[in-house]
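Student: okay, predicted coordinates and the sequence, questions at the end:
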Amino acid sequence: TAIATSGDPSSNSPMKEEFAKYANYLNEINDKRERVVKASRDVTINSKKVIFQVHRISKDNKEEVLMKAEQDLVAVTNQYMSKLVNELKGTDFWKLRRAYTPAVQEYVEAATLCTFCKTGTLLNLDEMNATLQPLSDKFAEPLQINVLDYLLGLADLTGELMRLAIGRISDGEIEYAQKICRFVRDIYRELTLLVPIMDDNAEMKKKMEVMLQSVVKIENACFSVHVRGSEYIPLLGSGDPDYSFLGVSDF
Amino acid sequence: TAIATSGDPSSNSPMKEEFAKYANYLNEINDKRERVVKASRDVTINSKKVIFQVHRISKDNKEEVLMKAEQDLVAVTNQYMSKLVNELKGTDFWKLRRAYTPAVQEYVEAATLCTFCKTGTLLNLDEMNATLQPLSDKFAEPLQINVLDYLLGLADLTGELMRLAIGRISDGEIEYAQKICRFVRDIYRELTLLVPIMDDNAEMKKKMEVMLQSVVKIENACFSVHVRGSEYIPLLGSGDPDYSFLGVSDF
Amino acid sequence: SSIETQFHDFRLQLEGSGSVRERIRALAAEAESAARLIQASLLLVHQSLPIPEVMEKAKVQIEAMREHFGRIADILRECPGQYYRYHGDWKSETQTAVSLIAFLHWLETGDLLMHADAERKLGMDASEFGLDIEDYLIGICYMSNELPRYVVNQVTAGDYDCPRKVLKFLTDLHASFRMLNLRNDLLRKKFDGMKYDLRRVEEVYYDVKIRGLISGDSKQDQNTKAE
Amino acid sequence: SSIETQFHDFRLQLEGSGSVRERIRALAAEAESAARLIQASLLLVHQSLPIPEVMEKAKVQIEAMREHFGRIADILRECPGQYYRYHGDWKSETQTAVSLIAFLHWLETGDLLMHADAERKLGMDASEFGLDIEDYLIGICYMSNELPRYVVNQVTAGDYDCPRKVLKFLTDLHASFRMLNLRNDLLRKKFDGMKYDLRRVEEVYYDVKIRGLISGDSKQDQNTKAE
Amino acid sequence: SSIETQFHDFRLQLEGSGSVRERIRALAAEAESAARLIQASLLLVHQSLPIPEVMEKAKVQIEAMREHFGRIADILRECPGQYYRYHGDWKSETQTAVSLIAFLHWLETGDLLMHADAERKLGMDASEFGLDIEDYLIGICYMSNELPRYVVNQVTAGDYDCPRKVLKFLTDLHASFRMLNLRNDLLRKKFDGMKYDLRRVEEVYYDVKIRGLISGDSKQDQNTKAE
Amino acid sequence: SSIETQFHDFRLQLEGSGSVRERIRALAAEAESAARLIQASLLLVHQSLPIPEVMEKAKVQIEAMREHFGRIADILRECPGQYYRYHGDWKSETQTAVSLIAFLHWLETGDLLMHADAERKLGMDASEFGLDIEDYLIGICYMSNELPRYVVNQVTAGDYDCPRKVLKFLTDLHASFRMLNLRNDLLRKKFDGMKYDLRRVEEVYYDVKIRGLISGDSKQDQNTKAE
Amino acid sequence: SSIETQFHDFRLQLEGSGSVRERIRALAAEAESAARLIQASLLLVHQSLPIPEVMEKAKVQIEAMREHFGRIADILRECPGQYYRYHGDWKSETQTAVSLIAFLHWLETGDLLMHADAERKLGMDASEFGLDIEDYLIGICYMSNELPRYVVNQVTAGDYDCPRKVLKFLTDLHASFRMLNLRNDLLRKKFDGMKYDLRRVEEVYYDVKIRGLISGDSKQDQNTKAE
Amino acid sequence: SSIETQFHDFRLQLEGSGSVRERIRALAAEAESAARLIQASLLLVHQSLPIPEVMEKAKVQIEAMREHFGRIADILRECPGQYYRYHGDWKSETQTAVSLIAFLHWLETGDLLMHADAERKLGMDASEFGLDIEDYLIGICYMSNELPRYVVNQVTAGDYDCPRKVLKFLTDLHASFRMLNLRNDLLRKKFDGMKYDLRRVEEVYYDVKIRGLISGDSKQDQNTKAE
Ligand SMILES: [Mn+2]
Ligand SMILES: [Mn+2]
């Protein structure tokens, strides 16, 4: 019948010819997206491993643990981020952003966590992008982490810092915890102002709530150490509570 | 202890004095809202009854059924709408809108349904408000149904018209169904243009989807009668299909 | 502090892109407004208003819509490489626009409006601000959603040949879509929905065919084959 | 037709109110922007920045915020009797604003900012564009949510008398709220949340008390009674 | 202690009501199982198995179903006043049961099974364990849903008088339902569905009528009336 | 016809049960209102107001609450056997009521308010409108939720013996609940929550004990054991 | 220490099972891709393409699909006893696969593809990686969903005998399913859906019958009965 | 027919797996019941009942629990390779069981119950019905949640050496968990919770240490090490 013939895909209508072009276009972009997704998963998994490595820190193994974490991070950069950069070369970074944003966020989280633990400062976006430069200088447009992904990664960083602070307090490193507390408060305050002008801020709004909870958890932990430490003073008459009592350091 | 005393509500702090004022304000507005809600429920229930009454229509009892429906509607207006008007006197109509909007919508639905069945036309907002005028001319600000409630009621009307059309077709009144179809299409098209500029259009958007479904249901019913009627022609050779075959008219 | 400096910098950048976004959104809203008016005119084809009259009504608004998209294009030319950054802000308006002009085109010619033609009709130029292919395809799916209702109402109005023509068009279109290797969620979903349009049109065709309402007979069907 | 006439009329009316709404929304957004900056300054009290310095930082923005609300008032004066029609468009911004100025007021004076004062400070005038009492009350609830965190951080910074003072304030406030016969869902919910603030402050007070960190003894407590 | 005594007592009571619920649920599940089998038998009427044979097949299961409901009734008689405590546990099974026996009753007699009769047939007695009216009405709506399919298959099998009879029954039933002022959402929804059953039956009636497949004329119709 | 008669009858019955439900809901809302006021009075025990004074304040409202339940009972007496049909409409109010009067009872006597006493105090009579056991138990769980806060505030106010007493009561109550073989989801969940109350009270007891704030020594503890 | 050894071991195992899951998912995705292509070929039967041609087109993809399942089987052979651990990762792909090959089989033979044959055709071997029965049954339900559309299009194309044949097949299939005592929620739901396919085919059969389009007469029907 | 044979076969198999699932669920429910009783006994350690007595009380129930798991194992041995098919039906019960026996083991020995030992104690054998590693780890996290409460109550009862021992154990356990690279959401969440247990125990340790309540000095600490 009439319809049967025309429905046969082997027939060559102008419509079919056009759709063949669309099909090519979609195949190419989908293949690229698929490769980017795969490269992103590697970045994510291995960035997470760097973060776990940092959490293996304790009072006495700091140097060693951070050294390892840093080496791992360099490996993530050279092995996996470079692959991602490669896949993205020459593409509109914004088009495939959804495919790689979780990876880049996790990578920001890992890199800033390492830097904070080593130097106590915030690793800047420019510095991060400078590290990525050599990976991509062969191509016209090197991958640049955009502001949004950087900020989203930073929001997650505060969760890891909270875990770190709780751990440090258990190890008796109160100063360290307080340093974290100040740092996280600063980031929280700065982000407060940026959230409403961020591109698509629904995700960020959720993260802000989690972040406030993290801040409060650290503050409560510091409070708890403080009032507990206060009981120490009258007993020994010393001005400074001896926080080294805390934690397992004295086994 | 210190806190006990201050927490005692019998003590007279300036804060308490202020809150006593707030309490008065809230009590008054809440009482009024409660009365409005109750009056609204009566309007809703009785408007629904008018609608049910209209649906009791059939080929042969039209006059009688519509007469009863109209009497019921007049009763709703005089007994229940007047009470609502009374409760609202002197208030900002917009403040309590949430409390009465379902009732007003249902009332619009009932009134426009009756008018359509009787005259085949749309009862205008101005005409409706004119009917309400005598109920409230003693007060400074008479209740006026606002455009939004009118339009929301109209959106629901199409659902009832769909039910009516299905029923009319069963009774063999094809012309009637077609008239409904044209009317509903007109309303749908006009509303399409108004939806995006309506105040808070989330509710209306949902209603538009339901409305489109109603239109399609009527169209499908008309289609079905049409193609079925087409088979009649070759048999009797008459140009016009005899729709009187349809329905129970011939028992 | 360095934190403050960095965040201050971010703020400036974000405010910049925020204002671009706002300008685009305003234009997209106007384009959507025009689209609504076109849509309202198009609804009249279900009431069997002659197509030329419908076209006449829609013309001015189509012109307006094209102009709004043209002005979005102007803005994007100022931000090279950021087409997809703001894509979300006019995407759905573009899809609607495509569906409308493609439906009108089909009503006039019986043919599918091709991507390049749609692009040109919407005042988009392929270089910096082209019509995204997925947007085009989604728009075509939306157009397909209108067809079952159209067929039903045409038959009711006595045009018994309409189902066959629409079924042929939709079958071809569906077959063409099947050539695509779809992964994208929304497009896949919309395309999956096209199946229901096809089924409904098949059912309508069945209804008129089984009642012998199609003037043509098997011979005519064979002629059609030769089309 | 009469349908068309009527709907055309509706269109004009709705476009009118739509444009009022848009102007209000723009102003409310600016007010919210200012509120954010105030909020950012207020966060510093948790880091024990002296209150006068915090006030200093917030001042300009408070002025800006007041101006924005003032301009909303101007618009509403043009539409008598429609305050509550557009209420949803600045409501939540007002609540935030109240919570901020009430918190600042409390930091400075230790007292609750009363409704009339809040109204005045926000540049609203009672006649046509007053501060809705429920908005005021919800704002106060938001303020209460800040207090537990404040107390915790003050104690950590060595101010052991803070919990007692906050507990007294919050207990009084809670008792005052209990005088209200709440039905409104949001306000009731927010007020119910205040209970948790109270509990948390009680716990902090308990923590410092049981460790004897409060300088005063039962005698001082009795003095407080006399306050 | 008296607390222990009390809680020991509670334990017994909670276990008691828990076990009542479990027994009822088990019986309801068995009733549903029987209902499935009845339904399976009833499906055969669509394949034009003579009604007496269908009745024969269904009989045993109906007996079983009645017995299950009867045993639920026995349990409830032990717990006076707790009918509605456990209502949710057999409600939907009751509705299905009503739809089945009402369909069978209609097949046999052409009449609607009345509420009191349905109650009796399900082994419920009005005093302690009556048939809830809404359950009855919903069940009747379910029965109505079966009729269009029945009519289609009867006509296919050559019984051209069936549409007229069903149409009359359904028209009367629909008119009766219209007397109710429904609030209940489920019931109203089910009732709305009945309109489509009516329309489908009417279409089939039309189909046979225009083809002159109904032997009789209006006179015969009067005879039918006298049936 | 008999069908018509039947449906007319249905109409009356459906309207009847709808109005019963509405009257019950109105009364339940009033009972809840009274409960809120009692709760407000009860909050004062956290500020160490002497218990007799608290009782005094609550009295009138308890009376009011009892009356509302009494009127619900009156309605239900008109509809024998339909207690559980409307149970959902006052259930949660009853649970709150139980928690309040049980807390007051415990404050006065240190004992658990028994089920029969709660029933009597709420003006329910066991015959037609008794207090459902699960409602009673859930109410008791709610009461338990208040105890940690009470203990914290009592210790702050200098009553260091309170934790020991509450801990004993709560441990016993928890043990009694464990006797029940719970299936009901809500009740099980509420009971699982009681564990956290117990933990918190243990922590407070720990705090006073480790700081030697309990006047008594191990000897006194042994005495307590002997209670 | 032994704890360390244990946790080191855990680390390896957790990473291992994660990677197995990923490999399976990748293969399942490829199988689904092939299935989509088969489906596209199958759609041509609705346009009355001769069945052998359709088969020809589908062949290669069926081979590909079988290979993907084969490779999943290989992976599972490495993890004995963990079939159901990863079942969720290829389950729905298997159901689709069954529906496709069963439809093709029915087109070719008019018979139901049996479970063992489906298993073999999908390259699954019963020992370690068999075809789960519920997956098979759900696949069959999906196949049934295709039949109404097939019947409609066949009738349109002039094959008036098709409805009778399909109706017979579907009635038998439905009866077979009714033999199962289904508990599984998804399967029961899918089976309940089969009823609608049956109804639609009955309606089409009715349409051709009432119009006398079936060549055969009652005699032929009796023959059919004897089949 | 062969279809009938096949479906008859299916019926048997579906009923078979359905009944397996039901038997497993019943056993899992009983295991959970036993677990509740063990938990109830274990609660007594918080009231300082000597551990041997607690063990004595728990013994019978542990035996019962093992038996229930053993019988699940028996069932699974009849269905080789289907461990994970039914895993969801006893998973959470296993986690609870692990937490209980690990706690008891720790009370008796001060050591972590290893995976292989837990498996054996639960009557699971590694070959066909082993203890899933994630279930084991989650169970261990649950056990950790009990430790802070235990420490608090032990100190209250005068056992001042307990915090040190628990702290050492928990520190080691936490360090071991840190070796894992977790992806699993539930497990990571549970592990995060362990940090708070650790901190609470450390606080109690601090409390007793600053009060000189630990008799021993660093020398004694070294002795402890040698334990
Ligand atoms: Mn993270
Ligand atoms: Mn309605």
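Tutor: Arrived safely. If you're wondering where the values come from, they're calculated on a predicted model, not measured in any experiment. Ligands and ions are numbered 1, 2, ... in the order given.
Student: I'd like the average pLDDT over the strand or helix carrying A:Leu135.
Tutor: For A:Leu135, the host element (DSSP states H and E) is helix A:125-136. Computed over helix A:125-136, the mean pLDDT rounds to 88.
Student: elements contacting it?
Tutor: Helix A:125-136 sits against helix A:82-88, helix A:147-170, with contacts defined as 3 or more C-beta pairs under 8 Å, 6 or more residues apart in numbering or on different chains; DSSP states H and E. Quick note: C-beta positions are derived from backbone N, CA and C, even for glycine.
Student: what angle separates it from helix A:147-170?
Tutor: Calculated by axes from the mean of the first three to the mean of the last three C-alpha atoms, to 10 degrees, helix A:125-136 forms an angle of 110 degrees with helix A:147-170.
Student: tell me which residues of helix A:125-136 are tucked away?
Tutor: Residues of helix A:125-136 classed as buried under the neighbour-count rule (16 or more other C-beta atoms under 10 Å in any protein chain shown) are A:Leu125, A:Met128, A:Thr131, A:Leu132, A:Leu135, A:Ser136.
Student: nearest to F:Cys79 among these?
Tutor: Comparing the buried residues of helix A:125-136 against F:Cys79 with C-beta to C-beta picks out A:Leu125 as the nearest, at 71.1 Å.
Student: distance check, C:Asp40 against A:Val210.
Tutor: In this structure residue C:40 is Ala, not Asp. C:Ala40 is 46 Å from A:Val210, where distance means C-beta to C-beta, to the nearest Å.
Student: for these two, indicate the residue with more neighbours.
Tutor: More neighbours surround C:Ala40 than the other of C:Ala40 and A:Val210, with 18 against 14 (other C-beta atoms under 10 Å in any protein chain shown).
Student: mean confidence for the helix of greatest length in chain A?
Tutor: Looking only at chain A and at elements set by DSSP state H, the helix with the highest residue count is helix A:14-55. Over the span of helix A:14-55, the pLDDT mean works out to 93.
Student: tell me what that helix is packed against?
Tutor: For helix A:14-55, the contact count by 3+ C-beta pairs under 8 Å, 6+ apart identifies helix A:62-75, helix A:82-88, helix A:97-119, helix A:147-170, helix C:115-121, helix C:133-156, helix C:162-178 as packing neighbours.
Student: so the helix or strand following the last one, near chain G or not?
Tutor: Toward the C-terminus, helix C:162-178 is succeeded by helix C:185-210 as the next helix or strand (DSSP H and E). Yes. Counting by C-beta under 8 Å from any C-beta of the partner chain, chain G has neighbours in helix C:185-210: C:Arg199, C:Glu202, C:Glu203, C:Tyr205, C:Tyr206, C:Lys209, C:Ile210.
Student: could you report the neighbour count for the fifth one?
Tutor: Residues lying near C:Tyr206 (other C-beta under 10 Å) number 20.
Student: and it, what pLDDT?
Tutor: Predicted confidence (pLDDT) at C:Tyr206: the value is 96.
Student: list the contacts for it?
Tutor: The neighbours of C:Tyr206, taking C-beta atoms under 8 Å, 6 or more residues apart in numbering or on different chains as the test, are G:Val152, G:Asn153, G:Val155, G:Thr156.
Student: the last one touches C:Lys209, doesn't it?
Tutor: Yes. In this structure G:Thr156 lies within contact range of C:Lys209 using C-beta atoms under 8 Å: 5.1 Å.
Student: longest helix in chain C, by number of residues?
Tutor: For chain C, the helix reaching the highest residue count under DSSP H is reported as helix C:2-42.
Student: now it: how far from the chain's centre is it?
Tutor: Centre-to-centre, helix C:2-42 and its host chain are 23 Å apart (C-alpha atoms, centre = their mean, to the nearest Å).
Student: report the angle between it and helix C:133-156.
Tutor: The directions of helix C:2-42 and helix C:133-156 differ by 20 degrees, with the same axes, to 10 degrees as the criterion.
Student: and chain B, is the helix or strand just after helix C:2-42 touching that?
Tutor: Counting by DSSP H and E, the element after helix C:2-42 in chain order, helix or strand, is helix C:51-78. No. With C-beta under 8 Å from any C-beta as the criterion, chain B is not reached by helix C:51-78; the gap is at least 11.5 Å.
Student: give the next helix or strand downstream of helix C:51-78.
Tutor: Following helix C:51-78 in sequence order, the next helix or strand is helix C:91-109 (DSSP H and E).
Student: contacts for that following helix?
Tutor: Residues outside helix C:91-109 that contact it (C-beta under 8 Å, 6+ apart): C:28, C:31-32, C:35, C:38-39, C:42, C:45, C:51, C:54-55, C:58, C:62, C:65, C:69, C:111-113, C:117-118, C:121-122, C:131-132, C:135-136, C:138-143, C:146, C:169.
Student: just stretch C:4-15 next, same as before
Tutor: A:Leu122, A:Asn124, A:Leu125, A:Asp126, A:Val147, A:Leu151, A:Glu190, A:Leu193, A:Leu194, A:Ile197, A:Met198, A:Asp199.
Student: and for stretch A:116-129?
Tutor: For stretch A:116-129, the surrounding residues in contact (C-beta under 8 Å, 6+ apart) are A:54, A:57, A:66, A:69-70, A:108, A:111-112, A:114-115, A:144-145, A:147, A:150, A:157, A:161, A:164, A:179, A:183, A:187, C:2-3, C:6.
Student: straight-line length of it, end to end?
Tutor: Between the opening and closing residues of stretch A:116-129 lies a distance of 17 Å (C-alpha to C-alpha, to the nearest Å).
Student: skipping adjacent residues, who's closest to whichever residue of chain C sits closest to chain E in space?
Tutor: Using C-beta to the nearest C-beta, the closest approach of chain C to chain E is made by C:Arg211 at 10.6 Å. Ranked by C-beta to C-beta, 6 or more residues apart in numbering or on different chains and with sequence neighbours excluded, the top spatial neighbour of C:Arg211 is B:Glu231, at 5.3 Å.
Student: where's the one you found relative to B:Ile166, distance?
Tutor: With the distance defined as C-beta to C-beta, B:Glu231 ends up 21 Å from B:Ile166.
Student: and A:Arg168, what does it touch?
Tutor: Each residue near A:Arg168 by C-beta under 8 Å, 6+ apart is listed here: A:Ile174, A:Tyr176, A:Ala177, A:Ile180.
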